[in-house]
Structure formats: structure tokens, C-alpha cells
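Undergrad: Provide a 3D model corresponding to the input given below.
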Amino acid sequence: MMKRTSLPIAMICLALLSGCSEPTNDATGAQDRGASDAASAVPERTDAPRAEFRIPPEDFEVIPARGADLFAAHCASCHGTGALGSDQGPPLIHRIYEPSHHSDLAFYRAVALGVHQHHWEFGAMPPVAGVSGEDAAHIIAWIRREQRAAGIE
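TA: Predicted structure coming up:
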């Protein structure tokens, strides 16, 4: 008789993966344990993950032009005008951020949870307060449009 082990294995994998998204405060990898307590008084940029962030449903209608405006207001100070990078953050119109290497989900996670430095020498990116899941969808649509225009697919 065959044993059913797929559910326990799936539960273990899910538990292991959930630990991968914990933010850190420093280069040693110490976990940010007090981040959720600070959610009510969050500045524009913070190390606290955003528990209220929600990815919009699949049928959400994105407007790339709206994304351009939102990017200018919330992202360009680090990622540069036109997402071409600055001395504060990397260019997003770059092959490293093509969809096959950084999916749309990676961008949503960056807004909600922040990102540890991994490709560039700019330091960690904190979560971005004030950008909703819907706003992020518009921004991502604009970034993808700009990437395609630059031959990045």
C-alpha cells in the first residue's frame, strides 16, 4: 500500500520558504523582530515589512501611464529618472530585471518587504510605505513597458 506523504512534505516546504522572506536590519543577517510593532507610525521608507500590502487580483486593469507618475513620486529618487538608476539605487531598465530573472512578484515583494543588497552595491532597499498593491501593479506595468522598449524581455 502506498503512503500519502505529499501533504506533509508540502507543509514542510512551505514552512521553510516562509522563513526566506524575513527582513534583516544589518549585514550580519539579524532578524528584525520589532518591525510589526511599528506599523502604525511608519515613515515614508522603513525597515518594517508591510502587513497591509495586497497584490491586486489577476483581472486588475493596469495603466502604465499611471505607473510612470507613481514611479516618479515614489521610486525615482533612488532608481533615477526613467528607472535608469542613480547613485542611490540600481537601474530597473536593465537585463538583470528582465521578467525571466526578476518576476513581477519580485517587484511586489520589494515594495512590501524590502530587498537585501544582492546584485548591486547600493545597500538594502527598505519597504516602500504609501505604495499600495494596485499602485505597484501600475508601476510594474510601466517598468515592463519601458524594458520592452529597450529590448529587454
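Undergrad: For the rest of this, base every contact and every neighbour count on C-alpha atoms.
TA: Will do.
Undergrad: what are the ranges of the helices in the chain?
TA: With helices called from DSSP state H, the chain shows them at 6-18, 64-74, 76-79, 104-113, 133-149.
Undergrad: tell me, which of those helices is the model least confident about?
TA: The weakest mean pLDDT among those belongs to helix 6-18, with a mean of 40.
Undergrad: Can I get the helices of the chain in JSON lines including distance to residue 95 and mean neighbour count?
TA: Compiled in JSON lines, the helices of the chain are given as follows (distance: least, CA to CA, whole Å; neighbours: other CA atoms under 10 Å):
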{"stretch": "helix 6-18", "distance to residue 95": "26", "mean neighbour count": "10"}
{"stretch": "helix 64-74", "distance to residue 95": "19", "mean neighbour count": "18"}
{"stretch": "helix 76-79", "distance to residue 95": "15", "mean neighbour count": "19"}
{"stretch": "helix 104-113", "distance to residue 95": "14", "mean neighbour count": "20"}
{"stretch": "helix 133-149", "distance to residue 95": "8", "mean neighbour count": "21"}
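Undergrad: Indicate which one of these is closest to residue 49.
TA: With CA to CA, the closest approach to residue 49 among these belongs to helix 104-113: 4.5 Å.
Undergrad: Any chance of the helices of the chain in a markdown table with distance to residue 52 as columns?
TA: Listed next are these as a markdown table, based on distance: least, CA to CA, whole Å:
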| stretch | distance to residue 52 |
| --- | --- |
| helix 6-18 | 17 |
| helix 64-74 | 18 |
| helix 76-79 | 23 |
| helix 104-113 | 9 |
| helix 133-149 | 9 |
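Undergrad: For residue 121, find the nearest of those helices.
TA: Set against residue 121 and scored by CA to CA, the helices of the chain come closest in helix 76-79, at 12.9 Å.
Undergrad: Output the contacting helices and strands for that closest one.
TA: Of the remaining helices and strands, none touches helix 76-79 by 3 or more CA pairs under 8 Å, 6 or more residues apart in numbering; DSSP states H and E.
Undergrad: May I have that helix exported as CSV, CA atoms only?
TA: Coordinates of the C-alpha atoms in helix 76-79 are reproduced here as CSV (Å, rounded to 0.1, in the frame of the first residue of the first chain):
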residue,chain,number,x,y,z
ALA,A,76,12.8,57.8,-9.0
SER,A,77,14.6,59.4,-6.0
CYS,A,78,16.6,56.1,-5.8
HIS,A,79,16.1,54.4,-9.1
